[in-house]
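Chemist: Fold the stuff below for me.
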Amino acid sequence: MAPAPTVPQTPRVLFVSSNRIGDCVISSGVIREIGRQLPGARITVAAGRPPAPLFRSAPGVERVIILDKKPMSGHWLDLWQQVRSTRWDLVVDIRGSALAWTVPSKRRVVYTRKWETGLRKVEMVSRLMGAEAPLDPEIFLDDQARAEAAAVIDPQLQAGSGPGPILALAPIAHQPGKSWPADRWGQLVEKLSADARFDGCRFMPVGGPGDRPPATPALEAAGDRGIDCVGKGDILCSAAAIDRATLFVGNDSGLMHVAAALGQPTLGLFGPTEWWLYGPWGPRTRTVASNETRGQFAPIEDLTVERVFSAVVALHDAWPGGRSVPAP
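Modeler: Numbers count the residues shown, from 1 in each chain. Modelled structure (predicted):
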């Protein structure tokens with residue numbers, strides 16, 4: 001009697017991502033690459049709580065484990081206890097943790113500092129994965145996120161000055177030195193409101209529950225042209241809101257990377273951080289930095305309202321119809 005045919009086992013993959021939204025977006029192309037290298041793979045993602053919703057509808061992802069930091073690195077022990085009994089076909093760990101070496105796996109791809117060679121972060125992650133081309137970041141929107149964003153935006157669009165193109169703003173960054181002063185966001189909105197190119201435009205600050213203070217000057221300056229999308233949902237809801245916009249302006253933050261990954265015309269504001277490494281990725285992205293000489297830095301307070309306004313206008317003129325229509 002002939003032996004029964006062997007049934008191929010479905011590949012199982014553990015992807016240890018970041019606890020930061022921006023880093024999760026930068027490395028989000030790993031999801032598609034796993035599917036290319038191991039077709040049909042069932043992926044478990046471990047990520048911090050704020051970025052975790054980014055993976056809930058990602059292709060091939062069957063489970064998202066939330067890593068809440070605990071004293072004495074207890075969160076790593078918790079994760080190990082949840083994944084140790086699975087024989088993984090592949091473990092991808094962009095955090096370079098010891099956990100990747102303590103669970104059974106046929107293959108491991110683990111970040112170390114040797115990969116920091118001066119390449120853009122997207123390119124670095126792509127090389128880490130052995131990809132032939134850069135792994136473009138991607139946001140996996142779902143119907144839930146779109147419905148949550150619509151519930152926030154649509155009533156405000158109908159109120160105030162009425163429907164119009166949306167300019168999304170992200171006035172917050174959670175690391176010291178990255179946040180352009182809040183009052184300048186208000187001044188920027190005032191200048192844009194007075195420019196004929198932005199007639200009828202609605203101004204929509206986006207952020208988390210703690211981002212109300214830096215968003216307030218922009219909302220006050222916008223008046224009835226403002227749309228308040230601060231603290232209204234999780235990161236995927238914010239992404240769906242940004243997806244409704246025609247242009248995005250924000251500090252060097254996770255939301256900046258979200259906007260770029262959505263394909264929105266995106267302007268990133270930079271102070272004393274490496275804009276040449278961490279700038280938004282994609283053909284419709286630009287940066288404006290307080291010091292635009294590579295390798296040199298200046299406080300973000302040195303970035304004037306006039307310079308940011310000019311950069312916004314230039315981006316708008318390059319993509320007057322948003323992401324769909326480049327200027328001739």
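
Chemist: Reduced to three states, what does the nearest residue to residue 55 once chain neighbours are set aside come out as?
Modeler: Leaving aside its chain neighbours, residue 55 sits nearest to residue 45 (4.5 Å; criterion: C-beta to C-beta, 6 or more residues apart in numbering). C-beta coordinates here come from the backbone N, C-alpha and C atoms, glycine included. At residue 45 the chain is in strand, as set by DSSP: H, G, I helix; E, B strand; the rest coil.

Chemist: Quickly find the element holding the residue lying closest to residue 169 once chain neighbours are set aside.
Modeler: Counting by C-beta to C-beta, 6+ apart, residue 169 lies nearest to residue 205, which is 4.8 Å off, once chain neighbours are set aside. Following DSSP states H and E, the helix or strand that holds residue 205 is strand 202-207.

Chemist: for residue 119, same thing?
Modeler: Using DSSP H and E, residue 119 falls outside every helix and strand.

Chemist: for it, what are its contacts?
Modeler: 127, 277 (C-beta atoms under 8 Å, 6 or more residues apart in numbering).

Chemist: try the one 4 residues further on
Modeler: Contact analysis of residue 123 by C-beta under 8 Å, 6+ apart lists residue 134.

Chemist: Can you classify it by secondary structure?
Modeler: Here residue 123 is recorded as helix under three-state DSSP.

Chemist: how many neighbours does residue 75 have?
Modeler: Close neighbours of residue 75, defined as other C-beta atoms under 10 Å, add up to 17.

Chemist: Can you tell me the element it falls in?
Modeler: Following DSSP H and E, one finds residue 75 within helix 74-83.

Chemist: In contact with residue 293, which residues?
Modeler: Applying C-beta under 8 Å, 6+ apart, no residues contact residue 293.

Chemist: now residue 307, nearest residue through space, not along the chain?
Modeler: Using C-beta to C-beta, 6+ apart, the nearest residue to residue 307 is residue 288, at 6.0 Å.

Chemist: Under the pLDDT cut-off, which ranges of the protein? List them.
Modeler: 1-8, 161-162, 324-328 (pLDDT under 70).

Chemist: In it, which residue is most central in space?
Modeler: Most central in the chain under C-alpha atoms, centre = their mean is residue 258, positioned 2.9 Å from the mean C-alpha point.

Chemist: Assign that residue to helix, strand or coil.
Modeler: Applying three-state DSSP: residue 258 is helix.

Chemist: ok, now which ones touch it?
Modeler: Counting by C-beta under 8 Å, 6+ apart, residue 258 touches 21, 25, 139, 235, 238-239, 242.

Chemist: Near the residue lying closest to it once chain neighbours are set aside, how many other residues are there?
Modeler: Distances taken as C-beta to C-beta, 6+ apart put residue 239 closest to residue 258, at 5.0 Å, once the chain neighbours are dropped. If you count neighbours by other C-beta under 10 Å, residue 239 ends up with 27.

Chemist: isn't residue 239 right next to residue 141, touching?
Modeler: Yes: if you go by C-beta atoms under 8 Å, residue 239 and residue 141 touch, sitting 6.3 Å apart.

Chemist: Is the closest residue to residue 49 other than its chain neighbours bridged to anything, and to what?
Modeler: Excluding the flanking residues, the one nearest residue 49 by C-beta to C-beta, 6+ apart is residue 66, at 5.0 Å. Residue 66 forms beta bridges with residue 47, as assigned by DSSP bridges.
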